[in-house]
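Asks: I need the structure of the sequence given here:
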Amino acid sequence: MTELSPEALGMMPDGFAPPKKSNKAQTIGALLGLTVIALAGGGALGFLLKKDPPVVAAPSAEAPAAAAAAAPSLASVPAGTKEIVQPLEPILTDLASPPGTQVRLEAGLLLSLSEDESVDQTVLASQIQADTLVFLRTLELAQIEGARGLLHLKEDLLERAKLRSTAVKDVVVRSLIVK
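Replies: Numbering: from 1, shown residues only. Model (predicted):
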């Protein structure tokens with residue numbers, strides 16, 4: 001029944017009725033209608049933002065030979081130069097934070113030496129090792145976590161090594177152990 005007293009119902013005009021309670025069918029219909037509108041809007045937005053895929057021409061028989069001739073191979077070295085891998089001594093040091101965290105790094109340098117260049121490889125390796133030791137002491141553990149952290153570490157080490165000598169072409173990290 002209603003919560004109004006019989007006197008209050010008597011005072012109400014005939015056209016006024018107490019509010020009806022909504023049923024489940026109306027709620028479900030409203031939700032379905034809103035879902036259809038959202039799907040249509042998302043589809044239209046996706047259609048407007050879609051970029052056309054690049055058109056790839058069918059490869060001809062001459063294309064692989066031309067591509068192989070145009071792309072330099074990784075093993076090609078300019079005439080008159082030699083590439084040497086100079087190993088660094090393992091580096092064991094503490095990180096800046098968290099306290100007590102130690103790191104051991106085993107790395108090597110890829111040197112590209114021309115015949116007219118005179119670079120003492122052992123002196124260069126010891127200088128770069130000292131620079132690396134100082135750099136590792138400033139790092140925090142969060143900076144070298146994960147694959148991205150290792151990639152950033154390698155890039156930083158390469159940048160520091162190239163400051164010492166232009167003969168350095170790459171830094172090879174063989175192992176990195178954090179304790």
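Asks: can you pull up the most central residue in the protein?
Replies: Nearest residue to the geometric centre of the chain (C-alpha atoms, centre = their mean): residue 148, 6.1 Å.
Asks: just checking, what packs against the helix or strand hosting that one?
Replies: Element membership of residue 148, judged by DSSP states H and E, is helix 146-164. Applying 3 or more C-beta pairs under 8 Å, 6 or more residues apart in numbering; DSSP states H and E, we find helix 146-164 packed against helix 121-137, strand 168-178. (Each C-beta comes from the backbone N, C-alpha and C, glycine too.)
Asks: minimum distance to residue 101: which of those has it?
Replies: With C-beta to C-beta as the criterion, residue 101 lies closest to strand 168-178 of the helices and strands packed on helix 146-164, at 6.5 Å.
Asks: list the buried residues in the closest one.
Replies: Across strand 168-178, burial judged by 16 or more other C-beta atoms under 10 Å covers 168-172, 176.
Asks: what about the residue nearest to residue 153 when sequence neighbours are not counted, distance to residue 179?
Replies: Using C-beta to C-beta, 6 or more residues apart in numbering and skipping residues adjacent in sequence, the residue nearest residue 153 is residue 144, 5.2 Å away. Distance of residue 144 to residue 179, computed by C-beta to C-beta, to the nearest Å: 13 Å.
Asks: the more surrounded of those two?
Replies: residue 144 (20 against 9; other C-beta atoms under 10 Å).
Asks: wait, the more buried one sits on residue 177?
Replies: No. With contacts defined as C-beta atoms under 8 Å, residue 144 does not count as touching residue 177, sitting 11.2 Å away.
Asks: what's the overlap in contacts for these two?
Replies: residue 103 (C-beta atoms under 8 Å, 6 or more residues apart in numbering).
Asks: of all the helices and strands packed on helix 146-164, which lies closest to residue 35?
Replies: strand 168-178 (49.7 Å).
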